[in-house]
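Below is the sequence, then the predicted model.
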Amino acid sequence: MAFSNLAAIDVGTNSFHLVVARVRPGGRFEIIAREKAMVRLGHGGGDMKVIQPDAMDRGVTTLRRMRQIAESAGAPVRAVATSAVREAQNAVQFITRAADEAGVEIEVISGLEEARLIHLGVLQAVPAFDRRLILVDVGGGSTEVLLGERGNTLAARSFKLGAVRLTDRFFPGGRIDGQALAECRAYVRSVLASFEREVAATGFEVAIVSSGTAESLARMVHAAESTDTLRTYNCFEFDHVDLAAIVEQITSERTPRARLGIPGLDSERADIIVAGAVLLDCICTAFGITRLMFSDYALREGVLLDTIERHRGGTLHHLRDVSRDSVRHLAQRCDDDLVHSGHVARLAMQLFDATAGIHGLDAPCREYLEASALLANVGLVISHSKHHLHSYYVIRNSDDLTGFTDNEIEIIALIARYHRKSAPKPSHSTFVSLRPDAQRVVRVLSGLLRVAIGLDRSHDQRVRSVRARQEGTKLVVEVSPRRRADISLELYSARERAGLLAEVTGLDIELVAAV
C-alpha cells in the first residue's frame with residue numbers, strides 16, 4: 001500500500017465534503033477527520049449550464065482549504081465532481097483552476113458511476129449487503145436511485161432532480177407561492193415515472209437514503225418524536241408516514257425564515273428543504289417505499305474504498321471486476337464478432353507488456369487499452385462507414401459503462417476512435433481538450449491497438465502471440481503464428497498500421513515472423 005492515510009472530496013452541487021481516513025489492513029478504513037462547506041456551486045431551474053464566477057471562487061477557496069487539511073494528515077486526495085460540474089459548459093475552467101490554484105485534480109463522474117460509488121460507501125455503513133435494496137441519494141443537482149444486492153447493481157438511474165435545482169425552478173429564494181407546490185410534485189412524478197416499472201419488477205427488501213437533505217429530514221423526524229439528541233443518525237429508520245408529516249410541516253411555512261423554528265432543521269438548508277422533502281416524498285410514493293433507513297456514508301466514503309481497492313488489487317467490490325463486466329456487456333450488445341475483438345485485446349495486452357519499458361505507462365492504462373480493444377467495433381451497430389467515429393459516440397454516450405470516471409471513458413472512447421483512419425490531430429476538439437499527459441496516453445495506446453488489429457486481419461486468430469524487443473533505433477515485433485498458418489496478410493496489415501506507434505515511440509517498427 002503506497003499510503004497509510006487517504007482523503008476524498010465530494011464536489012457537490014450544494015456542498016463540498018472532505019473525509020480523511022486511516023487505511024486499515026484488509027482494505028478497511030477509519031475516518032479521522034471530516035469537513036463540510038456549503039458552496040452552492042450549481043444553481044439553475046433547468047440544465048445547470050454555467051458555474052457562476054462567485055461560485056467558482058468559493059469552490060476553489062474551499063478546495064484549497066480541504067487540501068491543506070488532508071496534507072496535514074499526510075493524506076493524498078482524490079476528488080470527484082457530480083452534476084454541477086458535469087453539466088456546466090465552463091467545467092474545464094473550474095477544473096483547471098482547481099488544479100492550478102488549489103492543487104486538487106478533479107474527476108468528473110457520470111450519474112451512474114456516482115450511484116455505484118454511493119452504493120459502495122453505503123454498504124460500509126448499513127447492514128444491508130445480503131438484502132436486496134433500493135438506494136436513494138438526494139443531491140443538490142441530481143438524484144441517484146439504485147437497486148442492488150450483495151454489492152451488485154441490478155439497475156440504476158440518475159435523475160436531473162435535486163434540492164437546489166428544484167428550488168430554483170419552483171421555489172425561488174425558498175418561498176412557496178401559488179401553485180408551485182402542486183407543479184413541483186407533478187413535475188417530479190413525471191420524471192420518476194420512467195423508472196417505476198423497473199423498480200416494481202426488480203423489487204426490494206430495504207430502502208436506504210443518503211445525503212445531507214436526507215439527514216436533515218431524519219433529524220426533523222426524530223426531533224418531532226423525541227427531545228433526545230442522537231450521537232449518530234446512521235441506520236436511523238423512519239416511515240414514509242413520518243416523512244409525509246414533516247413535509248406537511250415544512251410546506252406550511254411559506255418562507256425560509258418561518259421554517260427556522262422547525263426542530264431539527266439545519267438553518268443552511270431552510271431555503272432548499274422544501275424541494276428536497278417534496279422530492280423524497282414523491283420518490284417514496286412512486287416506488288412504493290414505506291420505510292427508510294438513513295446511511296451516514298455515501299459518495300465520499302465510496303470513493304475512499306474504491307481508491308483503496310484500486311491500489312491494493314483486492315476483490316472486495318473490486319472496481320475492475322465491475323468495469324470489465326460493463327465493457328463486456330456493451331461489447332456483447334453491439335459487436336457481432338466478439339472472438340475477433342477478444343483476440344485483438346489479448347494481442348494488444350501482449351504488445352503493451354512487451355513495450356512497457358519504452359512507453360512507461362501504468363496498469364490503469366493497460367486496462368484502458370483492453371477496454372478500447374474490446375469496444376473498438378461497437379460503432380458497427382450504427383454503420384460500417386466511419387464506424388470508428390460511431391464507436392466513439394457509442395462508448396461516450398453509453399449508460400452501460402460503470403467503474404470508470406468520466407475522464408477514463410473519454411480516453412477509452414478516443415482510443416477506440418483512433419483504431420483506424422486518421423491519427424489524433426490538433427483539429428480534433430475532443431482530443432485537444434484532454435490534458436497533455438492524457439493526450440500521450442491516447443496516442444500510445446492507439447498506436448498499439450492499430451498494430452494489434454492488423455495482426456488479426458483475417459479475423460481467424462492465425463497469429464498466436466507477439467513479443468517485442470528494442471534493437472537500437474528499431475522496435476522488433478516478433479509474431480508467432482498458429483501451426484502452419486500463413487500470416488503474410490497479417491504482417492502486411494500490421495506494417496501498414498504501425499506509423500502512429502513509430503511516431504510515439506521514436507523507433508522504426510519492424511514486424512517479423514517468429515522462427
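Yes, it's here.

Tell me the helix or strand right after the lengthiest helix in the chain.
The longest helix of the chain (DSSP state H) is helix 180-202. Scanning the chain past helix 180-202 towards its C-terminal end, the next helix or strand to appear is strand 206-210 (assignment: DSSP states H and E).

so Arg450 touches Ala498, yeah?
Yes. Counting by C-beta atoms under 8 Å, Arg450 sits close enough to Ala498 to count as a contact (7.2 Å). In this view, the C-beta of every residue, glycine as well, is placed from N, C-alpha and C.

So which of the two has more stuff around it?
Arg450 (25 against 21; other C-beta atoms under 10 Å).

Report the buried residues of the longest helix of the chain.
Ala180, Leu181, Cys184, Arg185, Val188, Val191, Leu192, Phe195, Val199 (16 or more other C-beta atoms under 10 Å).

Surely the last one touches Ile134?
In other words, Val199. Yes. When contacts are counted by C-beta under 8 Å, Val199 is listed as touching Ile134 (6.7 Å).

between the buried residues of helix 180-202, which is nearest Leu380?
Using C-beta to C-beta, Phe195 is the member of the buried residues of helix 180-202 that sits closest to Leu380, with 30.1 Å.

is it true that that closest one touches Ser158?
No. Phe195 is beyond contact range of Ser158, at 10.3 Å (criterion: C-beta under 8 Å).

Could you name every residue contacting both of the two?
Here Phe195 and Ser158 have Val145 as joint contacts, going by C-beta atoms under 8 Å, 6 or more residues apart in numbering.

Sketch out the low-pLDDT regions of the stretch 251-400 of the chain for me.
Scanning the stretch 251-400 of the chain for pLDDT under 70 picks out 312-322, 399-400.

again, only this time at 80
310-326, 399-400 (pLDDT under 80).

all helices for it, in order.
For the stretch 251-400 of the chain, the helices identified by DSSP state H, counting those that start in this stretch occupy 256-259, 273-287, 299-312, 319-334, 338-354, 356-359, 363-375, 387-397, in order along the chain.

Tabulate those in TSV, adding columns for mean neighbour count and distance to Gly12.
Formatted as TSV, the entries for those read as follows, by neighbours: other C-beta atoms under 10 Å; distance: least, C-beta to C-beta, whole Å:
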stretch	mean neighbour count	distance to Gly12
helix 256-259	17	20
helix 273-287	24	13
helix 299-312	23	8
helix 319-334	18	21
helix 338-354	20	36
helix 356-359	15	37
helix 363-375	23	25
helix 387-397	20	24
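
between those, which one is nearest to Glu71?
Within those, the stretch nearest Glu71 is helix 299-312; the backing value is 16.6 Å (C-beta to C-beta).

Against which helices or strands is the closest one packed?
On a contact count with 3 or more C-beta pairs under 8 Å, 6 or more residues apart in numbering; DSSP states H and E, helix 299-312 meets strand 5-11, strand 15-23, strand 29-38, strand 77-81, helix 111-122, helix 319-334.

Flag whichever of those has the least confidence on average.
Ranked by mean pLDDT, the helices and strands packed on helix 299-312 end with helix 319-334 in last place, scoring a mean of 75.

Alpha carbons only: can I get it in CSV?
Coordinates of each C-alpha in helix 319-334 appear next as CSV, following Å, rounded to 0.1, in the frame of the first residue of the first chain:
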residue,chain,number,x,y,z
LEU,A,319,-13.6,-1.7,-9.4
ARG,A,320,-12.0,-3.6,-12.2
ASP,A,321,-14.4,-6.5,-12.0
VAL,A,322,-17.2,-4.0,-12.3
SER,A,323,-15.6,-2.2,-15.2
ARG,A,324,-14.7,-5.3,-17.1
ASP,A,325,-18.2,-6.6,-16.7
SER,A,326,-19.7,-3.4,-18.1
VAL,A,327,-17.3,-3.4,-21.0
ARG,A,328,-18.2,-7.0,-21.9
HIS,A,329,-21.9,-6.2,-21.6
LEU,A,330,-21.6,-3.2,-24.1
ALA,A,331,-19.5,-5.3,-26.5
GLN,A,332,-22.0,-8.2,-26.4
ARG,A,333,-24.8,-5.7,-27.3
CYS,A,334,-23.0,-4.0,-30.2
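
What is it packed up against?
Secondary-structure packing of helix 319-334 (3+ C-beta pairs under 8 Å, 6+ apart): helix 299-312, helix 338-354, helix 363-375, helix 387-397.

of all the ones you listed, which lies closest to Thr227?
Go through these one by one with C-beta to C-beta and the one that ends up closest to Thr227 is helix 299-312, at 30.1 Å.

The closest one relative to helix 363-375, how many degrees between them?
90 degrees (axes from the mean of the first three to the mean of the last three C-alpha atoms, to 10 degrees).

and helix 299-312 with strand 77-81, angle?
130 degrees.

can you redo the helices and strands packed on helix 319-334 as a markdown table with distance to Asn234?
Listed next are those as a markdown table, based on distance: least, C-beta to C-beta, whole Å:
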| stretch | distance to Asn234 |
| --- | --- |
| helix 299-312 | 11 |
| helix 338-354 | 42 |
| helix 363-375 | 33 |
| helix 387-397 | 37 |
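
thinking again about what came up before, can you say which of the helices of the stretch 251-400 of the chain is nearest to Glu248?
Comparing these by their distance to Glu248 (C-beta to C-beta), the top pick is helix 273-287, with 9.5 Å.
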